[in-house]
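A.B. asks: below is the sequence, then the predicted model.
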Amino acid sequence: MKIAVNGVHIHLRDCGVGEPTLVFLHYWGGSSRTWDEVVALLSDRHRCISLDHRGWGQSDAPAAGYGIADLANDAEGVISAMALRRFVLVGHSMGGKTAQLIASRRVPGLVGLVLIAPSPPTPTILSSEERDQMMHAYDTAESVAFVRDHILTASPLTESQKERVIQDSLRGGHAAKLGWIETAMREDLRTEARKIEVPTLVLSGDQDRVDPPARLRAELMPHIAGAELRTLAGLGHLSMLEAPDAVAQAIREFISGLPVLGSTDL
């Protein structure tokens, strides 16, 4: 289904029942499909909503508007339109940075935050060579496959997962790809991150080459009071694809420890 927010139509997948609802935000290059395996493991006890950020998947791809605030405003619009009573944000990489901004706004109904290999709130500044490499990372199926196998993952994916990563990365709009590189990843959200009050779990693959645990310890953890960092052995940046069972289990355990949960949430 699609919901009109902020002048664009945001595509989302909605399945499962039970509170708190889980709202999933994907990485630069992904889509709502990034979460399929994790959602399949959690939707028996939780309503799961996974959305396509603007410019990705089946959402509209406007010519401009790809800052973190734009992505956050879209997600908040979806949350408001669906009148979610109690929900947990689950954000990965770019979606993780977006989730931090949403959580800093203390949106009504937000009871927890799960950040999976999140881009930290500190600015990421690329060299000209690194920028050029990122700009062409998703040009062809071959370039996506190289990035997928040598940068994004540390353990094997299934053939269907491999193809999904290629399709999603190639489908991204040019403005969406450029917007992350030129604007969103450079944004400094440290002041906003310090405003986060909900319980926060951070999951990081110990073989992550994009946002490794050491970077998260230095650039994320000091800014979110009470956040817990848990490393996942043998996994890279795409842990929700590499080991969906481990990711789903960590989310279940996190939810079970949230305060004031009713029996239907377990």
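C.D. replies: All right, it came through fine. Residues are numbered from 1 along each chain as shown.
A.B. asks: the strands in the protein, which residues?
C.D. replies: With DSSP state E as the criterion, the chain has strands at 2-5, 8-15, 21-25, 48-51, 87-92, 110-116, 200-205, 228-232.
A.B. asks: which intervals of the chain have sub-threshold pLDDT?
C.D. replies: Along the chain, the model assigns pLDDT under 70 to residues 260-266.
A.B. asks: just the helices in it please.
C.D. replies: Listed in chain order, the helices of the chain (DSSP state H) span 36-42, 68-81, 94-104, 128-135, 141-147, 159-171, 174-182, 190-193, 213-219, 239-242, 244-256.
A.B. asks: of all those, which lies closest to Gly7?
C.D. replies: helix 68-81 (9.7 Å; Cβ to Cβ). The C-beta positions use only the backbone N, C-alpha and C, and glycine is treated the same way.
A.B. asks: so the closest one versus helix 94-104, what angle?
C.D. replies: 70 degrees (axes from the mean of the first three to the mean of the last three Cα atoms, to 10 degrees).
A.B. asks: hmm, back to that, quick one, which of the helices of the chain is packed in tightest?
C.D. replies: Of all the helices of the chain, helix 94-104 has the most neighbours on average by mean count of other Cβ atoms under 10 Å, namely a mean of 27.
A.B. asks: sorry, back to before: okay, the strands of the chain in a markdown table with mean neighbour count next?
C.D. replies: Below are these laid out as a markdown table (neighbours: other Cβ atoms under 10 Å):
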| stretch | mean neighbour count |
| --- | --- |
| strand 2-5 | 16 |
| strand 8-15 | 18 |
| strand 21-25 | 27 |
| strand 48-51 | 26 |
| strand 87-92 | 28 |
| strand 110-116 | 25 |
| strand 200-205 | 25 |
| strand 228-232 | 16 |
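A.B. asks: nearest to His26, out of the helices of the chain?
C.D. replies: Across the helices of the chain, His26 has its closest neighbour in helix 94-104 (5.0 Å, Cβ to Cβ).
A.B. asks: sorry, back to before: how about CSV for the strands of the chain, with distance to Val39 added?
C.D. replies: As requested, the strands of the chain are exported to CSV (distance: least, Cβ to Cβ, whole Å):
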stretch, distance to Val39
strand 2-5, 18
strand 8-15, 7
strand 21-25, 7
strand 48-51, 4
strand 87-92, 10
strand 110-116, 13
strand 200-205, 16
strand 228-232, 18
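A.B. asks: how close does Thr153 get to Ala117?
C.D. replies: Applying Cβ to Cβ, to the nearest Å, the value for Thr153 to Ala117 is 11 Å.
A.B. asks: spit out the residues that contact these two alike.
C.D. replies: His237, Leu238 (Cβ atoms under 8 Å, 6 or more residues apart in numbering).
A.B. asks: who's more crowded, the two?
C.D. replies: Ala117 (28 against 24; other Cβ atoms under 10 Å).
A.B. asks: ok, the more buried one - contacts?
C.D. replies: 27, 92-93, 96, 203-205, 208, 210-211, 237-239.
A.B. asks: so Glu228 touches Thr200, yeah?
C.D. replies: Yes: under the criterion of Cβ atoms under 8 Å, Glu228 makes contact with Thr200 at 7.1 Å.
A.B. asks: tell me who's in contact with the nearest residue to Thr122 once chain neighbours are set aside.
C.D. replies: Excluding its sequence neighbours, the residue lying closest to Thr122 (Cβ to Cβ, 6 or more residues apart in numbering) is Glu219, at 4.3 Å. Residues near Glu219 by Cβ under 8 Å, 6+ apart: Pro120, Pro121, Thr122.
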